[in-house]
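Novice: For reference, the sequence and a predicted model appear below.
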Amino acid sequence: MTEILLINLIRMKTVEYLPHIADIRMKIQGSTQEELFRAGMEGIGRILKTSVFESVAKADQIQQFSLDSVDITALLVEFLNEVLMYSHTQKAVFLKLEIGYIDEHKLTAKIFGIRVEDFDDDIKAVTYHEADVIINESGIFETIIVLDI
Amino acid sequence: MNLKNQLVKKSDYLWELPTHVKKGMKVPVQVYASKKILEEIGGDKSLEQLTNVAMLPGITKASIVMPDVHEGYGFPIGGIAATSWPDGGISPGGIGYDINCGVRLLASHLKREDLLRRGEDLAKALYAQVPSGVGKGGNILLSEKELDEVLRRGVQWALEKGYAVPEDIAKIESQGQLDNSDPQFVSEYAKRRGIDQLGTIGSGNHFVEVSYIDEIYDEEIAATFGLKLGRLTVLIHTGSRGLGHQVASDYMKVMVASMGKYGISVPDRELACVPFNSQEGQEYFKAMAAAANYAWCNRQVITWEIRNAWEEFFKGKNTQLDLVYDVAHNIAKVEDHVVNGEKKKLIVHRKGSTRSFGPGHPEVTDCYKQTGQPVIIPGSMGTASYVMAGTAHAMEESFGSTCHGAGRRMSRRAAQRSVNIHELEKELAGRNIFVRAGSRSGVSEEAPIAYKDIDEVIEVVHQAGIAKKVARLRPMAVIKG
C-alpha cells in the first residue's frame, strides 16, 4: 500500500461545533468546494478519534469512489456518509482528501486514513437537516451539517 | 413566528397547533405535554419540525408528539406520523437512523436484597459478558448466509440457534420478526457493518440496567406481566447497530434523489419520502424490516448473554429471567386505525414513540390480551423507569402510541461541561447505583440532569390516557458503552 505521510493536514478553524440538544451540529467552511468537503471530513474524523489529528502517521487506508447527486449540498452529505461508512467498515479515520473531479452533481475522490483500535464517539449518520452549501459574504463556501450520534 | 404562543389548549395534557399557523400544513400538530414540559419544548425547534411533518404527503389526522419530545433532525424525537396506505409517503427520517431501537424488560425471581452490596460486582460481570462500546463487534461470528437468515427471520433464527427459549417469542412486538423483510434490499456495506455486531449494545444512550420494582400502581396488570414488588428486573436498550444506520443512510439518499419524480417536495430533506407503493418505497420498507429483525435478534442475543452472566453470578438461586416484553420505538408499520369513525389502513411512523395497543387488540399477544400490551419506558441513568400498559384510548387518540423515555433537555456537550463525573459516580454509589461504562464522557452525557423529569413525562401520558401506569423500577447497576 502506498505510504503517505499524514501531518495535521487540515486547519481546525474550518470546523466549528455548535450546540444541539441531542446530536452534533457543525459549521464547516472552505475557500473552494474541495476545501469544504475536506473540512467536513475533518469534522467527522475529530469526533471519531481526536488523537489521530495530534500526531504524524502514515496512511494505511486508501479508498477511491465516485458519487452522483441532485446538487452540491446533497453531494456533500453523501460524500460524508461515504467517508463515515468506510470509517466504520475499515475501522479507520480519514485525514486526507484528493478530489479528482467535482461539479455540482458529481465527484470522484480518494481518501487516505489511519486504522484505529477504537473510536472516541459514535456517529450514526450524516443528515441532510440544515445542510445548505452557500457562498457567504466573504466568498467562502459554508454550510451547517448535523450528525446523528 | 412564535409557534408556542399559537398552541390551543384541548385538555390539560393536549395542545394543538391549527393548520393555519403555517402554509402547507395538511393536518394540525398535536402535542401531549404539561405546562412545565411545554415551557421546555418552546426552547428548541420541535414545534417547527412538527409543522413540517404536518406537510407530508398523505399525512392523516395530525402530526403528533409525546411529552418526551425534543428537537431532532427533520422529524422531532417523540413523534408519530401516520400516512394513508397505500400511496402516502414513507420516510426513513420518520423512523430514524437506528431502526428498531427499542427496549426489552426481563423479570427475575430474585429480590433487591439478593443484590445489596453486590451491585458493583454484577455490573462488572454483565460488562464482561455483554460487548459494548462504539463500533464494537461481538462474540458471534456470522457467515453472510447466516446474517441473511437473521435479517429474514429475526428472533426465530435466535430460537433455532439456542439464544432464545420458546416462551420468549410471544412476548416480543411482532414476535420479533417482520414478514416483509427482504435482505436483498440491504446493501453489502450495511451487511458488512452488521456482520460482527450481533449481541452488542453499542454506545450513546444505549444500556443494560438492573433495577428493582419499587412501586406497583396496578396489582392486577402487574401480576399478569409477572412483576412483583421488590423483585429484580433487567432493562435492555439498543437497536440495529451499524447495519440499521447504513440502511437508513442508503435509503435517505434514494429518497432525496427520487422524490422529485413523484412530484414530492418537503421543507426539510430529512423528511424526504416517496409513495409507500412505489418501487423505492417498497424496497426501503423491506430493508427497514430486515434491520428491524436484526435489532430484535440483537436484543435477544444480549438476553442470552445476560442470562448466562445472571446464572453464574447468582449460582444456587432461582436464576430464571422471564421476558416481560420487547418494544420498538423507531419503526414504521402498516396498521388499521379508526379515523373520524372510519377504519383506515395507515403507514404509522414512530420515531421515539412506543406502540401502546390496548386490551383486545388482535396484534397483542394472547397472554396480555386482557391488559393491553406492556409499554416499557426507560428513564435516564440514575432515575426511575416505568412499566405501563397500552390502552383503548391510545387507539382512539394517538394511533396506539405513547412516549418512549424521559427525553433530552440538555445537549451532550453541555452535560459533559456541567457534570462532575467523580461527584456523579459518588452520588450514584451513595444510592447503591453502580455504573460500568466504556468511557467517562458517556456517563456524564447520560447524567439525569441532561434529561427531563421522567415522572412528569409519565404522568402526562397516564393522565392523557394513552398508557396506564403499572410499575416503577429503580436502578441498581448500569452498564454502558
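Specialist: Alright, I've got the coordinates.

Novice: in stretch B:246-265, what's buried?
Specialist: Within stretch B:246-265, the residues that count as buried by 16 or more other C-beta atoms under 10 Å in any protein chain shown are B:246-259, B:262, B:264. Every residue, glycine included, has its C-beta placed from N, CA and C.

Novice: can you give me the strands for chain A?
Specialist: Secondary structure of chain A by DSSP state E: the strands cover A:5-7, A:15-18, A:24-30, A:56-58, A:61-68, A:92-102, A:106-115, A:125-126, A:134-135, A:141-148.

Novice: Sheet partners, orientation included, of the second one?
Specialist: The one in question is strand A:15-18. If you go by DSSP bridges, strand A:15-18 pairs up with strand A:24-30 (antiparallel).

Novice: angle of the partner strand against strand A:141-148?
Specialist: Orientation check (axes from the mean of the first three to the mean of the last three C-alpha atoms, to 10 degrees): strand A:24-30 against strand A:141-148 gives 160 degrees.

Novice: what is the mean pLDDT for strand A:24-30?
Specialist: Mean pLDDT, strand A:24-30: 94.

Novice: one step back: just say which of the strands of chain A is most tucked in.
Specialist: Of the strands of chain A, the one with the most neighbours on average (mean count of other C-beta atoms under 10 Å in any protein chain shown) is strand A:125-126, at a mean of 28.

Novice: Intersect the buried residues of stretch B:246-265 with the contacts of chain A.
Specialist: B:246, B:248-249, B:252-253, B:256-257 (C-beta under 8 Å from any C-beta of the partner chain).

Novice: Show me what the longest helix anywhere in chain A is packed against.
Specialist: Longest helix of chain A, by residue count under DSSP state H: helix A:72-90. Applying 3 or more C-beta pairs under 8 Å, 6 or more residues apart in numbering or on different chains; DSSP states H and E, we find helix A:72-90 packed against helix A:33-48, strand A:61-68, strand A:92-102, strand A:106-115, strand A:125-126, strand A:141-148, helix B:188-194, helix B:241-258.

Novice: Could I get those in JSON lines, plus columns for distance to B:L227 and mean pLDDT?
Specialist: Below are these laid out as JSON lines (distance: least, C-beta to C-beta, whole Å; pLDDT from 0 to 100):
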{"stretch": "helix A:33-48", "distance to B:L227": "40", "mean pLDDT": "95"}
{"stretch": "strand A:61-68", "distance to B:L227": "50", "mean pLDDT": "96"}
{"stretch": "strand A:92-102", "distance to B:L227": "45", "mean pLDDT": "95"}
{"stretch": "strand A:106-115", "distance to B:L227": "47", "mean pLDDT": "96"}
{"stretch": "strand A:125-126", "distance to B:L227": "36", "mean pLDDT": "95"}
{"stretch": "strand A:141-148", "distance to B:L227": "34", "mean pLDDT": "95"}
{"stretch": "helix B:188-194", "distance to B:L227": "33", "mean pLDDT": "95"}
{"stretch": "helix B:241-258", "distance to B:L227": "29", "mean pLDDT": "97"}
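
Novice: downstream neighbour of whichever strand or helix holds B:G281 in the secondary structure list?
Specialist: Using DSSP states H and E, B:G281 sits in helix B:279-313. Using DSSP H and E, the helix or strand that follows helix B:279-313 towards the C-terminus is strand B:321-328.

Novice: between the helix or strand that that next one is followed by and helix B:279-313, how many degrees?
Specialist: Once the chain leaves strand B:321-328, the next helix or strand it forms, by DSSP H and E, is strand B:330-339. Calculated by the same axes, to 10 degrees, strand B:330-339 forms an angle of 110 degrees with helix B:279-313.

Novice: Does stretch B:402-420 reach chain A?
Specialist: Yes - residues of stretch B:402-420 contacting chain A under C-beta under 8 Å from any C-beta: B:408-414.

Novice: For the residues you listed, which two are the farthest from each other?
Specialist: Maximum pairwise distance in these, criterion C-beta to C-beta, is 13.8 Å, between B:R409 and B:R413.

Novice: out of those two, which sits in the more crowded spot?
Specialist: Taking neighbours as other C-beta atoms under 10 Å in any protein chain shown, B:R409 and B:R413 compare with B:R409 leading, 22 against 16.

Novice: So that one is in contact with B:E456, correct?
Specialist: No - using C-beta atoms under 8 Å, B:R409 makes no contact with B:E456, being 10.9 Å away.

Novice: rewinding a little: briefly note if the helix holding B:G281 comes near chain A.
Specialist: No - shown here: helix B:279-313 not in contact with chain A (C-beta under 8 Å from any C-beta), separated by at least 12.3 Å.

Novice: if I look at A:V93, how far off is B:Y97?
Specialist: Distance of A:V93 to B:Y97, given as C-beta to C-beta, to the nearest Å: 20 Å.

Novice: got it, and A:V83?
Specialist: Distance from A:V83 to B:Y97, by C-beta to C-beta: 16 Å.

Novice: re earlier: out of the helices and strands packed on helix A:72-90, nearest to B:A123?
Specialist: helix B:241-258 (22.0 Å).

Novice: State the next helix or strand along the chain beyond that closest one.
Specialist: Using DSSP H and E, the helix or strand that follows helix B:241-258 in sequence is strand B:274-275.

Novice: Would you pull up how far stretch B:77-91 lies from the middle of the chain?
Specialist: Distance of stretch B:77-91 from its chain centroid, counting by C-alpha atoms, centre = their mean, to the nearest Å, is 17 Å.
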